[in-house]
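> model the following, please.
(one chain, ligands or ions: 2)
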Amino acid sequence: MKYLSFLLLFILPYSCNQKTTTIKDRPINEDGSHTTEDVRNMNRWSMQTGKKPKNIVLMIGDGMGITQITAGMYANKNKLYLEKFPVIGLHKCYASNKLVTDSAAGATAFACGVKTYNGAIGVNPDTVAVKTILEEAEQKGLATGLIATSTIVHATPASFIAHVKQRKMYEDIAADFLKTDIELFIGGGKKYFDRRKDGKNLYKALQSKGYAVSDYFQSDFTKLTPSYNQNFVYFTADDDPLPVAQGRDYLVPASDFAVDFLDQKAGEDGFFLMIEGSQIDWGGHANKSDYIVSEMIDFDRAIGAVLDFAEQDGETLVIVTADHETGGFAIQPGSTMDSLVTAFTSDYHTADLIPVFAYGPGAELFGGIYENTAIYNKMRAAYGWE
Ligand code: MG
Ligand code: ZN
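Numbering: from 1, shown residues only. Ligands and ions are numbered 1, 2, ... in the order given. Reported below is the predicted structural model:
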């Protein structure tokens, strides 16, 4: 499948638009090896065994298996910010009722530490609500946030804040956002808040609760002037946000903004932030390599923005993983770095082991092979909550 010329069409203008962020061109060598500076930093982080992070940023590339990462890397001139991570592990992503998980059970494993059934949002196999790490962080006084390139009520972000027995209960999920004092959320799905079947206007309810609420109809994300005195909500679309190749451009600036915003809000207490690259999965379902690659590269740039913060901050643990692989994606014989020949075995998810990348204090906990639910336990252990 040839997509390079198509890729260049949006990579070039996008690269030129990076001025809105603080991303610096990271010095990974041309041959893909790391510079002396990188290696020194890796050693610095690796030697921090036992030090607790103040903040955790969990970044989930939905449907991002090893091949999605590989394809994004080659298409991006053989470089990804992911290469900066000193610790890599693998998790077993299966659900309680199926070997092949969906995003609801997958994210609930990270958020709640329980293996549950496909479709479950923040509930165990008996449909009983389980407290999420975001809710626990709120109770402990940390600032919290969620960012997605899907609707904000979609399975992955929903599993960190809502408790419903079926992922399609979008209006119920939206209502659960008002039960937790989350400081920031950014994503699509405005209609589940302001044009609901039950007639409630949760957009206004959020404002009444003290949130500064805005949306793409009112202002471009990068033109907002947010106040640190208020909590922050921004709706990026009425329903699903666009693919990045069709003009969506908020993931990198939103990630860049969110870490600073939450850091300010948190004071000494720290924060928990989940950022999802939601549409890598949709490229897999569509069996479209160019869709996967463009979303993968966008997600990687968001990772770069978060690493910029984490490097300067020194007290932030960054974890990057996926809920599952999507598509049975493969890079076939005949490929070159500039032109990948790809194939798919499925238009659904697969049961592959999934990589976990960790950076910063507590990163050493994430090496090895473990259950997806262990990510929840490792994050709590890193915070020092047990
Ligand atoms: Mg998702
Ligand atoms: Zn999917």
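> which bits of the chain sit near ligand 1?
62, 103, 156, 278 (CB under 5 Å from the ion). Every residue, glycine included, has its C-beta placed from N, CA and C.
> which pair of these spans the longest distance?
Farthest-apart pair in those is 103 and 278; separation 8.6 Å (CB to CB).
> shared neighbours of those two, anything?
Here residue 103 and residue 278 have 62, 154, 156 as joint contacts, going by CB atoms under 8 Å, 6 or more residues apart in numbering.
> quick check, the residue in the stretch 251-386 of the chain closest to ligand 1?
Nearest residue of the stretch 251-386 of the chain to ligand 1: residue 278, at 4.5 Å (CB to the ion).
> residues in contact with residue 365?
358, 378, 381-382.
> the same query, at a cut-off of 10 Å, please.
49, 87, 89, 317, 319, 358, 374-375, 377-379, 381-382 (CB atoms under 10 Å, 6 or more residues apart in numbering).
> take those and keep only those in strands.
Members of those lying in strands (criterion: DSSP state E): 87, 89, 317, 319, 358.
> tell me the bridge partners for the last one.
Pointing back at residue 358 there. Counting by DSSP bridges, residue 358 is bridged to residue 87, residue 319.
> now do it against residue 131, distance only.
Remark: distance between residue 358 and residue 131 (CB to CB, to the nearest Å) = 23 Å.
> in the stretch 1-150 of the chain, which spans are helices?
Listed in chain order, the helices of the stretch 1-150 of the chain (DSSP state H, counting those that start in this stretch) span 4-16, 36-46, 66-75, 103-112, 133-139.
> what does the stretch 251-386 of the chain give?
Counting by DSSP H, counting those that start in this stretch, the helices of the stretch 251-386 of the chain are 251-266, 280-285, 289-313, 374-383.
> just the pLDDT for the residue of the stretch 101-250 of the chain found nearest ligand 1.
Proximity to ligand 1, evaluated over the stretch 101-250 of the chain using CB to the ion, is greatest for residue 156 at 3.2 Å. pLDDT for residue 156: 98.
> show me the contacts for it.
Going by CB under 10 Å, 6+ apart, residue 156 touches 60-62, 103-104, 106-108, 110-111, 121, 146, 148-150, 167, 187, 274, 276-278, 281, 322-323.
> separation between residue 307 and residue 86?
12 Å.
> so for the two, which sits in the more crowded spot?
residue 307 (23 against 20; other CB atoms under 10 Å).
> is it correct that the more buried one is in contact with residue 319?
No: using CB atoms under 10 Å, residue 307 is not in contact with residue 319; the gap is 11.9 Å.
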